[in-house]
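Novice: coords please:
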Amino acid sequence: MGAAMPGDRVLVRLKPGRPRSGHREGAVVKILERARSELVGFFNGSFVVPRDERIRNWFHVPCSRAAGAVAGDLVRASIVSYPGTSGQAEAEIIEVLGRELNPLLESRLILHQYGFCEDFSGRVSRELAEVPEEVISRDAKNRVDLTHLPLVTIDPVDAKDFDDAVCAKKFDWGFRLWVAIADVSHYVRSGSALDLQAFKSATSVYFPDRAVPMLPEKISAGIASLKPGQFRLAMAAEIDYDPEGRPQRSRFYPAVIRSCFRMNYQEVQALCDRADPELEARYSSLLSTLEEMASLARILHRNRVQRGAIDLDLPEPHIELDEKGEPTDIFAYPRLFSHRLVEEFMLQANQAVAEFLSRKKMAFPFRIHEPPPPDKIQELDQFLQSLGLPLLARDRGPHQVKPRDFQRLMQRAAETPLSELVSYLSLRAMTQARYSPENKGHFGLAIDHYCHFTSPIRRYPDLIVHRILKQALGFEKPDGTPAPQGLAEACEHCSERERAAADAEREMAKVYQARLMSRRLGQEFSGKISGFIDAGVFVQIDRPMAEGLVPASQLSGYECEPKLHTAFTCSPRMELHLGDQVSVAVDSVNLERREINLRLLALLKSAFTRPAKSLMPAPRKKQRPQKSKKSRHGRRGS
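Specialist: Coordinates of the predicted model:
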């Protein structure tokens with residue numbers, strides 16, 4: 001690696017040959033571009049030790065640049081000189097963050113580590129002052145008036161930004177769906193300071209205690225948010241369906257709306273189930289509309305299943321906090337029909353916009369999901385066969401995999417306790433969805449055209465699509481620039497920022513998991529084996545949902561076979577598999593490293609139907625060397 005740091009753009013010389021691991025190796029020849037100018041770490045009196053463990057260098061701080069920091073302080077520092085072959089890495093402390101790690105401080109560190117900014121200042125603040133608090137009458141001109149429609153927003157209980165409102169009506173000829181999306185592009189002009197700041201983050205980040213918005217709250221939770229009873233500007237998608245849910249016609253236009261209600265998923269589910277008379281009385285004017293929306297959503301979902309789309313139903317952890325911001329419980333958030341209702345409508349709007357822009361020959365960011373690599377499919381299928389759930393038929397190869405194969409697999413697994421494990425493994429085998437100016441289809445959804453249009457408050461690609469849609473409709477000049485960089489560069493940047501946000505959210509979840517389990521030392525829990533590495537076995541505890549490591553040092557004769565998702569131990573003699581039910585105890589917790597160490601108590605239930613060793617290729621039989629005759633020189637031939 002030389003002096004390279006995470007995120008740096010580098011020139012690499014590949015080493016010849018391919019090692020046994022299968023991964024190519026190389027060496028950094030030159031650092032082309034540095035990714036960071038600041039870092040966060042602990043000050044030991046002379047050096048800043050980076051909090052990001054991927055940065056291996058310490059940075060010397062001269063006394064004149066310590067800014068009053070003392071040993072033990074957590075600090076933010078500006079890099080004066082980078083590590084190199086000659087000279088020492090040096091930094092200047094610019095802020096003392098504190099001495100005690102707590103969730104609020106941890107969140108600041110994680111945001112900084114992954115390059116997200118919480119502050120909107122300077123030119124952004126000046127531009128923000130010009131954004132109105134309410135919709136101005138002149139801005140509402142030349143827009144379709146949809147204020148008469150019973151549009152509703154359906155979001156999580158703690159949501160603050162409402163960027164979509166929906167309603168549907170049933171007619172003799174079929175259904176009509178309206179999806180109204182906040183017209184963020186009206187307030188965030190391309191190339192403005194607001195726009196450049198939004199592009200830099202490219203996405204909002206959601207932590208258990210707060211959201212870090214892509215746009216300032218005056219826009220994200222204010223003028224652009226579709227609050228109930230307030231006039232708002234929107235971009236509307238209006239789609240007609242026949243009684244079987246097949247799209248017949250779609251229209252897109254700027255609109256003015258006024259959401260009737262702000263509802264959460266639990267309320268909508270209770271109304272669909274007719275489980276709360278008091279709630280029915282409160283929303284009596286909406287009941288018939290909600291029934292028609294639910295009817296359309298069920299038809300659309302049925303069509304999606306028939307098309308072969310994949311639905312990986314993986315549990316999402318919900319972290320419950322007390323009044324001090326400390327975690328009290330972590331559990332799987334229930335997936336309701338109300339979630340599916342909104343999901344189906346958003347998918348329809350996104351697909352309709354992508355098809356419309358494609359017909360108009362517009363260049364825009366597609367949301368693509370390429371087929372899984374054949375080698376991963378082969379590895380997955382080999383493992384699934386051991387569970388009695390093969391992915392592919394015997395007459396088909398891994399390069400012939402279709403979305404419907406995964407769908408059938410999920411349907412078979414749903415009838416077994418292995419449903420969650422199979423979904424997890426299938427997700428790992430898939431390629432990652434990303435943004436691209438080139439359409440390569442969406443494997444998971446089993447459709448040819450797809451983009452992101454429905455969340456411009458929290459995703460920058462949606463904002464780009466809104467600008468291009470307005471150009472296609474003739475409401476903006478076609479020579480306008482929808483993104484600060486070229487489309488290909490913008491797609492690559494937004495994809496990278498999306499991954500960074502997901503990593504940041506996972507890191508913050510680990511903070512809360514570690515803090516919660518630090519109060520459960522010695523307690524016993526049941527869980528499932530979730531992974532194997534040379535250092536040990538990962539176990540996902542059922543509740544509270546937290547993942548910890550059983551160190552290999554505790555497992556006598558530990559040997560893992562990653563491709564078989566299996567490990568073997570000698571004493572006691574055990575075969576451990578991904579998905580096995582086990583009993584563990586919390587051994588220790590390192591809050592600074594966000595690590596939970598577990599002790600394996602017992603194997604409760606195996607996920608395999610037959611031993612993993614039966615799947616391993618049989619070793620070649622060693623041939624007994626034949627005795628050779630003596631040579632003329634009296635020595636045996638070799």
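
Novice: Please enumerate the helices of the protein.
Specialist: Shown for the chain, the helices assigned by DSSP state H span residues 103-113, 123-129, 193-201, 217-218, 265-272, 277-282, 287-307, 337-359, 374-386, 403-413, 419-429, 460-473, 487-517.

Novice: Tell me which of those helices lies nearest to Lys563.
Specialist: Of all the helices of the chain, it is helix 374-386 that lies closest to Lys563, at 5.7 Å by Cβ to Cβ. Where you see a C-beta, it was placed from the backbone N, CA and C, and this is true even at glycine.

Novice: can you put the helices of the chain in CSV and add mean pLDDT?
Specialist: As requested, these are arranged in CSV below (pLDDT from 0 to 100):
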stretch, mean pLDDT
helix 103-113, 86
helix 123-129, 89
helix 193-201, 92
helix 217-218, 92
helix 265-272, 92
helix 277-282, 90
helix 287-307, 94
helix 337-359, 95
helix 374-386, 84
helix 403-413, 86
helix 419-429, 83
helix 460-473, 95
helix 487-517, 93
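
Novice: and those helices, which is most packed in?
Specialist: helix 460-473 (a mean of 25; mean count of other Cβ atoms under 10 Å).

Novice: Can you tell me the centre-most residue of the protein?
Specialist: The chain has Ala502 as the residue nearest its centroid, 4.3 Å off, counting by Cα atoms, centre = their mean.

Novice: Can you tell me how far that one is from Ile377?
Specialist: Relative to Ile377, Ala502 is positioned 24 Å away (Cβ to Cβ, to the nearest Å).

Novice: likewise Thr203?
Specialist: To Ile377, Thr203 is 30 Å away according to Cβ to Cβ.

Novice: contact partners of stretch 208-222?
Specialist: Contact with stretch 208-222 is made by 103-104, 107, 111, 116, 118, 120, 124, 128, 131, 133, 160-161, 184, 187-188, 194, 198, 201-206, 224, 319, 321, 325, 327, 457-460, 508-509, 512, as judged by Cβ atoms under 8 Å, 6 or more residues apart in numbering.

Novice: Please read the previous query as pertaining to stretch 362-376.
Specialist: Residues contacting stretch 362-376 (Cβ under 8 Å, 6+ apart): 350, 354, 357, 397-399, 401, 428-431, 433-445, 449-452, 461, 464-465, 468, 471-472, 482, 487, 490-491, 494.

Novice: buried set for that stretch?
Specialist: 364-369, 371-372 (16 or more other Cβ atoms under 10 Å).

Novice: Now do the same contact list for Glu118.
Specialist: Applying Cβ under 8 Å, 6+ apart to Glu118 gives the contacts 108, 111, 212.

Novice: What values do phi and psi take at it?
Specialist: Its backbone dihedrals place Glu118 at phi -90, psi -20, with angles given as degrees, to the nearest 10.

Novice: Can you give me the pLDDT of Leu578?
Specialist: Leu578 carries a pLDDT value of 83.

Novice: I'd assumed Thr566 was in contact with it.
Specialist: Yes - assessed by Cβ atoms under 8 Å, Leu578 is found in contact with Thr566 at 7.4 Å.

Novice: any common contacting residues for the two?
Specialist: Phe532.

Novice: The chain - how does it break down into domains?
Specialist: As assigned by automatic domain parsing, the chain contains the domains 9-99, 123-368+438-508, 374-430, 520-615.

Novice: can you pull the contacts of Arg307?
Specialist: Contacts of Arg307 by Cβ under 8 Å, 6+ apart are 446-447.

Novice: and Glu25, how many neighbours?
Specialist: For Glu25, the count of nearby residues is 12 (other Cβ atoms under 10 Å).

Novice: State the distance from it to Ile457.
Specialist: 44 Å.

Novice: Please apply the same query to Glu420.
Specialist: Taking Cβ to Cβ, one finds Glu420 at 32 Å from Ile457.

Novice: now swap in Arg99 and tell me
Specialist: Going from Arg99 to Ile457 by Cβ to Cβ gives 37 Å.

Novice: quick one, which of these two is more surrounded?
Specialist: Neighbours per residue (other Cβ under 10 Å) separate Arg99 from Ile457, with Ile457 holding more: 27 against 11.

Novice: out of the contacts of Glu118, which one sits closest to Ile154?
Specialist: Distances from Ile154 to the contacts of Glu118, taken by Cβ to Cβ, are shortest for Val212, at 22.9 Å.

Novice: burial of the closest residue to that closest one other than its chain neighbours, as a residue count?
Specialist: Distances taken as Cβ to Cβ, 6 or more residues apart in numbering put Val205 closest to Val212, at 4.3 Å, once the chain neighbours are dropped. Using other Cβ under 10 Å, Val205 has 24 neighbouring residues.

Novice: For Val205, list the residues it contacts.
Specialist: Shown in contact with Val205 (Cβ under 8 Å, 6+ apart): 111, 116, 211-212, 501, 504-505.

Novice: Ile154 too?
Specialist: Ile154 neighbours (Cβ under 8 Å, 6+ apart): 166, 263-265, 268, 338, 341-342.

Novice: Need those in JSON lines (columns: distance to Arg65).
Specialist: Shown next, in JSON lines, are these (distance: Cβ to Cβ, whole Å):
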{"residue": "Val166", "distance to Arg65": "55"}
{"residue": "Met263", "distance to Arg65": "54"}
{"residue": "Asn264", "distance to Arg65": "50"}
{"residue": "Tyr265", "distance to Arg65": "51"}
{"residue": "Val268", "distance to Arg65": "56"}
{"residue": "Ser338", "distance to Arg65": "55"}
{"residue": "Leu341", "distance to Arg65": "57"}
{"residue": "Val342", "distance to Arg65": "52"}
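
Novice: Which one of these is nearest to Ala281?
Specialist: Closest to Ala281, out of all of the contacts of Ile154 and judged by Cβ to Cβ, is Met263, at 14.7 Å.

Novice: Quick check: beta-bridge partners of the closest one?
Specialist: Beta-bridge pairing for Met263 (DSSP bridges): Ile154.

Novice: I figured it hits Leu151, correct?
Specialist: No - using Cβ under 8 Å, Met263 makes no contact with Leu151, being 11.1 Å away.

Novice: Not counting stretch 15-31 itself, show me its contacts.
Specialist: 1-4, 8-14, 82.

Novice: and the two most separated of the residues you listed?
Specialist: Those two in these that are separated most widely, counting by Cβ to Cβ, are Leu14 and Tyr82, at 24.1 Å.

Novice: Neighbour count: those two, which is higher?
Specialist: Neighbour comparison, Leu14 and Tyr82: the larger count goes to Tyr82, with 19 against 9 (by other Cβ under 10 Å).

Novice: Tell me how far the more buried one lies from Gly2.
Specialist: For Tyr82, the distance to Gly2 - Cβ to Cβ - is 11 Å.

Novice: Leu391 now?
Specialist: Counting by Cβ to Cβ, the gap from Leu391 to Gly2 is 42 Å.

Novice: With neighbour numbers in mind, choose between these two.
Specialist: Leu391 (24 against 12).

Novice: tell me the contacts of the closest residue to that one other than its chain neighbours?
Specialist: Among residues not flanking Leu391 along the chain, Asp381 sits closest, at 4.4 Å (Cβ to Cβ, 6+ apart). By Cβ under 8 Å, 6+ apart, the residues touching Asp381 are 390-392, 398.
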